[in-house]
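**Q** next one to model:
(chains A, B and C)
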Amino acid sequence: MNKTTIIMVKNGKKFFFRFSVNQRIQHLILATCVVVLVLTGMPLKFHYTFWAQYLYALFGGIHMAPIIHRMAGIVLILLFVYHIIYLIRTIWRGQIVPLKQKEGLSIVRLIRLLLDQPLMPNFKDLKDIFDLFKYLLFLTSERPQGAQFTWKEKFDYWAPFWGIVIIGASGAIMWGKEIATQWLPGEVINFALIAHSDEALLAALFLFIWHWYNVHFSTSVFPMGTAFLTGYLSEELMIEEHYEYYIEVMKQEGFENEILPPHQGGGNDNIKKKPMEEIHSASELPRIL
Amino acid sequence: MPKAACRFLVTLWGFICLFLICAPSVSFCADIGNCLLCHKYPGLSRVDENGKLRLLYINEAIFNTSMHAKVKCEGCHPDIQKIPHDPAKKVDCLIQCHIVEPSSEQKFSHKDVAEFLKKSVHSPLDADGKPKPFPEDFPDCKKCHDNPLYRPMSFNKMMLPGISVTALGRCRVCHKKDDFIYQFYNHVTTRLRRSRNPKNIAESCARCHDNPILMKRHNLSTKAVYSYGESFHGKAATFLDERIPDCLDCHVNPGESVHQMLGYKNPQSAVSAQNKGRICANAECHPSATPKMAEYKVHAEFNLNQSPVRYYFTVFFIALTGGTLLPLMGIIFLDCLRRLFPNTVLIQRKKKHE
Amino acid sequence: MKTFLSKIYIIGFMVLTLGFMALIWKVTFHQIIVEYQNRKKSEQITDMRKEKERLSADPTFQSAIMEGEERVKHYLGYRVLEDTRIEGHFHHIDFNVIPDKGSYCITCHGDIPHDKSKELRAFANMHASFIACQTCHIRLEGEKRTGVFKWYARGTGEITDSPVKEGVLPGRYQAKIIPFENENGRLQRMDNPERMLFAAEFKKKEPELSELQKTKARKIIHNIVSKQPHICEDCHQQQAPILPFKELGYPEKRVNAFISTEVIGMIKNYTKFYMPRMLHPGQADDGSTPSGDK
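**A** Take a look at the predicted model:
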């Protein structure tokens, strides 16, 4: 693999590496599938509303929409399988093999390695949530200083992860009901339906409100966050959400002297309000402080 | 006979023939008594002593697309014989009307249907001929049927529902009367499927079976059509799928009259414990289904009394959804609020950067 | 400006978030409450079942009036027929009447007011669907009489062109015929704004009025009503029909139908059998005033 640029400087602005091309493609497929699945699924759940039939008609109505729904479902499950393989391969090649060579493999070391994965929930997340509430309730002006992946992003990752397992499995049962009921009692279809539709509602609302708010609609990123396309995050957002990681990366990449102060309430106005000035003075700032 | 008169008669004959050929296809209306002279007016109505609207209006165009189009008014209303009418009696669907049933060449009557109904769970009398409790709740013909309308199918083109003009053309090769062709085509193609689509069937059953008071009176525990509507079949019916099973497909043995619907306790019933396993495996539905699949609870409701396991399973997901989303929404709200007043801090402890 | 817009945006999003919260509440925890309420309701019905008499009691207002009519869509493949479903009615209607906003009579008397004369009520109601009450129930005499009649639209009450057109089936009009009177040389609708206002005011204040005041008001409202309304033959005749059919837009074919042997014959038939009442159709056998007027 080519060495990726962790901090890309363009026109004097710094951009921080977030997602590889592979990950971005995975995300795009996931996003497309989810949108299609929600649009072709929700009219069924809310069949009694006025909009359901129009939305359903857009996807070819009762004859076509279920087929589209299943196709998107298959793609999503394939993606999920690929992602698991990708995950195992990445960890195996990138971490376990070096570990083996360096220290030798033991169960304790392996578990610790897995728990240290950047997307694993940990105590820092609890602390960050606590700090976030302190900030949101106007008790402090400091935002929690997030690590490489904040608790929000971990939520964003694990919610669809669990969702795909539940929704995928229940969907498969309902699709292959004849096969499933060869062994399972027929009532399992009832449970599959409940799990499928309720979990889907959770996933849909979670993604379209919570996830989209955080990455697109909040005033820091409005009208659209671009990291999912470019793979890089701007410096302001990096400071706002991932300050701990920001400092780490800046030090690591030799930008120690250019580290900006943490986000202060509306305080990153000093960056936003006069971007041109900021570019020139960014390197001066730490010294002024 | 003088030549001129002869020519006139021939011309007249020609005109008559032309008229017969060109007569619009709706001309078969059976209004011999000229009832429509008055009954074509939508306002012809009154409110009776019980506060019920008596609408005496007949929409001729719609009536002519109904299965009874060939029946004269007097066929069903034989007691109305003079003008001014005597108070009209309730129509008895079992009388012999003027239609001759072609296979038996007998006058037609719906009597057989009544026989089926008598044996069914919908009969107001029990097996011993004694009235069941609340006999007035049991349906008569008009409870389920209004005038059935033709739903002709078009076979040669997928896109055009209704009558196929080219198919009519093929009929015309052998049959000369357009009235007959139109009628026959309509009748046969309508009868190839139900005269109502699954949604309309379900609505019809729902009038009683979703009425909680009626259901309680007769010890039925589910809102049958509501729960059907929550299943995939019911939802597909809502989206007007014609191929989806409606109430009658599962509750009547294939090939039997839907009027002979039996209660689930009756061993002969399609939904009885013995026969239930065969429902799904119908060759037109899920041929590879095992009897286990029929254990699927079509009439499942979110109801603690019906199934505690399903209830708590649902509650778990409700709690999961609500319990996850509501706090997150709260955070979004607070986040917005914080962004509205970015520089406000309630406790001013340290302002080290200034 | 930008800060202001972003503030507006944030406030908007907050409102949206609250809306979403309500929505999420509705599709989640609220469902548990609904289920609980339904269960309780169902148990109540079981209790009611024990008291049989409560079930067989007279219809409630809710059951008889509010739940009486239902809109049904018949999916016929080639078309969707949307119909009002009248309990126990066999034939399809496929015709919707727009509520008559122009008439102040129907606020008390209803849209299907005639019910006294058994033989005539349906005919009278049929005519009432396209002829305003004033046309028959007020006999304009002397100076007041103008012979002018016009159509008004049911929906707006405004004077409109004749709805009698090619392609519109007889009687299926969304308009009614109203007479015009001569008020000091001026042509005026019988349902002039003053009369409508009076009736509306009465309807509004009725609960507060004393019995005497109510009687007074009713007298004034009805003082233009003739004891004997126009009868069938006043219009269904060749010589001098009350209604100017031609001006009302009826083609000659239809006018001829009104006075055809079939119609006239039927009227004769009725007159022969029901002579006494035919001449006083407004008066019932028991001599009481029309319904709704009590």
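**Q** how far away is A:L76 from chain C?
**A** Separation of A:L76 from chain C (CB to the nearest CB, to the nearest Å) stands at 23 Å. (Glycine included, C-beta is placed from N, CA and C.)
**Q** and for A:M120?
**A** 28 Å.
**Q** so, low pLDDT: which residues of the stretch 51-200 of chain B?
**A** Applying pLDDT under 70 to the stretch 51-200 of chain B flags the ranges B:156-161.
**Q** around chain C, pick out the residues from it.
**A** B:51-59, B:61-63, B:65-66, B:83-84, B:87, B:91, B:142, B:145-147, B:149-153, B:160-163, B:196-197, B:199-200 (CB under 8 Å from any CB of the partner chain).
**Q** all helices for the stretch 101-250 of chain A, in order.
**A** Counting by DSSP state H, counting those that start in this stretch, residue ranges of the helices within the stretch 101-250 of chain A are A:107-115, A:123-136, A:151-175, A:177-183, A:187-205, A:212, A:227-230, A:235-241, A:243-252.
**Q** contacting residues around the second one?
**A** The contact list for helix A:123-136 (CB atoms under 8 Å, 6 or more residues apart in numbering or on different chains) reads A:140-147, A:150-151, A:154, B:331, B:334-335, B:337-338.
**Q** the spatially most central residue of chain C: what secondary structure?
**A** For chain C, C:D111 is the residue whose C-alpha lies nearest the centre (CA atoms, centre = their mean; 3.0 Å). Recorded secondary structure, C:D111: coil (DSSP: H, G, I helix; E, B strand; the rest coil).
**Q** and it, how close does it get to A:Y232?
**A** 71 Å (CB to CB, to the nearest Å).
**Q** ok, B:N253 next?
**A** With CB to CB as the criterion, B:N253 and A:Y232 are 67 Å apart.
**Q** between the two, which one's more packed in?
**A** A:Y232 (19 against 16; other CB atoms under 10 Å in any protein chain shown).
**Q** residues contacting whichever residue of the stretch 251-354 of chain B sits closest to chain C?
**A** Among the residues of the stretch 251-354 of chain B, B:G322 lies closest to chain C, at 3.3 Å counting by CB to the nearest CB. Shown in contact with B:G322 (CB under 8 Å, 6+ apart): C:24-25, C:28-29.
**Q** include secondary structure, pLDDT and distance to B:P42 when you put those into TSV, please.
**A** As requested, those are exported to TSV (DSSP: H, G, I helix; E, B strand; the rest coil; pLDDT from 0 to 100; distance: CB to CB, whole Å):
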residue	secondary structure	pLDDT	distance to B:P42
C:I24	helix	92	48
C:W25	helix	93	47
C:T28	coil	90	48
C:F29	helix	93	49
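**Q** restrict these to those near chain B?
**A** Answer for the contacts of B:G322 near chain B (CB under 8 Å from any CB): C:24-25, C:28-29.
**Q** which one of those residues sits closest to chain A?
**A** Of all these, chain A sits closest to C:I24, with 6.4 Å by CB to the nearest CB.
**Q** nearest residue to the closest one other than its sequence neighbours?
**A** B:L325 (4.9 Å; CB to CB, 6 or more residues apart in numbering or on different chains).
**Q** would you confirm that B:V271 contacts B:N253?
**A** No: taking contacts as CB atoms under 8 Å, B:V271 lies outside contact range of B:N253: 9.6 Å.
**Q** for C:A153, grab phi and psi.
**A** Per-residue torsions, C:A153: phi -70, psi 140 (degrees, to the nearest 10).
**Q** please apply the same query to C:K246.
**A** phi -60, psi -40.
**Q** skipping its backbone neighbours, what lies nearest it in space?
**A** Closest to C:K246 by CB to CB, 6+ apart is C:V255, at 7.0 Å.
**Q** using the three-state scheme, assign the one you found.
**A** C:V255 is classified as helix under three-state DSSP.
**Q** now it: how far from B:P42?
**A** 21 Å.
**Q** so which of the two has more stuff around it?
**A** Between C:V255 and B:P42, B:P42 has the larger neighbour count (other CB under 10 Å), namely 24 against 16.
**Q** which element is the more buried one on?
**A** Using DSSP states H and E, no element contains B:P42; it sits outside every helix and strand.
**Q** hang on, it packs against C:I93?
**A** Yes: using CB under 8 Å, B:P42 is in contact with C:I93, at 7.4 Å.
**Q** what about stretch A:256-271, average pLDDT?
**A** Averaged over stretch A:256-271, pLDDT sits at 61.
**Q** what parts of the stretch 1-150 of chain A come near chain B?
**A** A:43-44, A:47-48, A:52-53, A:56, A:61-63, A:132-133, A:135-141.
**Q** quick check on C:G147: phi, psi?
**A** Taking degrees, to the nearest 10 as the convention, C:G147 sits at phi 80, psi 10.
**Q** to clarify, my last question referred to B:H85.
**A** Backbone torsions for B:H85, taken as degrees, to the nearest 10, come to phi -70, psi 150.
**Q** what's the burial count for it?
**A** 14.
**Q** over to A:E241?
**A** That count, for A:E241 with other CB under 10 Å as the rule, works out to 23.
**Q** list the contacts for it?
**A** Neighbouring residues of A:E241 by CB under 8 Å, 6+ apart: A:143, A:146, A:150.
**Q** list just the nearest of these to chain B.
**A** Of the contacts of A:E241, the one sitting nearest to chain B (CB to the nearest CB) turns out to be A:R143, at 9.3 Å.
**Q** roughly how far does that closest one sit from chain C?
**A** Distance from A:R143 to chain C, by CB to the nearest CB: 17 Å.
**Q** so that residue sits right up against A:P262, yeah?
**A** Yes: using CB under 8 Å, A:R143 is in contact with A:P262, at 7.0 Å.
**Q** list residues touching both of these two?
**A** Common neighbours of A:R143 and A:P262, counting by CB under 8 Å, 6+ apart, are A:Y243.
**Q** looking at the two, which is more packed in?
**A** Applying other CB under 10 Å to A:R143 and A:P262 shows that A:R143 carries more neighbours, namely 23 against 19.
**Q** most neighbours among the contacts of B:G322, which one is it?
**A** Neighbour max across the contacts of B:G322 (other CB under 10 Å) = C:T28, 24 neighbours.
**Q** tell me how far that residue lies from B:A236.
**A** C:T28 is 26 Å from B:A236, by CB to CB.
**Q** now do the contacts for C:G88.
**A** C:G88 touches B:52, B:142, counting by CB under 8 Å, 6+ apart.
**Q** show me what residue of the stretch 151-294 of chain C gets nearest to chain A.
**A** C:G155 (24.1 Å).
**Q** can you name the helix or strand that the residue in the stretch 151-294 of chain C that chain B sits nearest to falls in?
**A** Closest to chain B within the stretch 151-294 of chain C is C:G171: 3.6 Å, counting by CB to the nearest CB. Taking DSSP H and E as the definition, one finds C:G171 inside no helix or strand.
**Q** for C:N182, same thing?
**A** strand C:175-183.
**Q** immediately after that strand, which helix or strand?
**A** Criterion used, DSSP H and E; the element after strand C:175-183 is strand C:186-189.
**Q** which is the next helix or strand following that next one?
**A** Next along the chain after strand C:186-189, taking DSSP H and E as the criterion, comes helix C:193-205.
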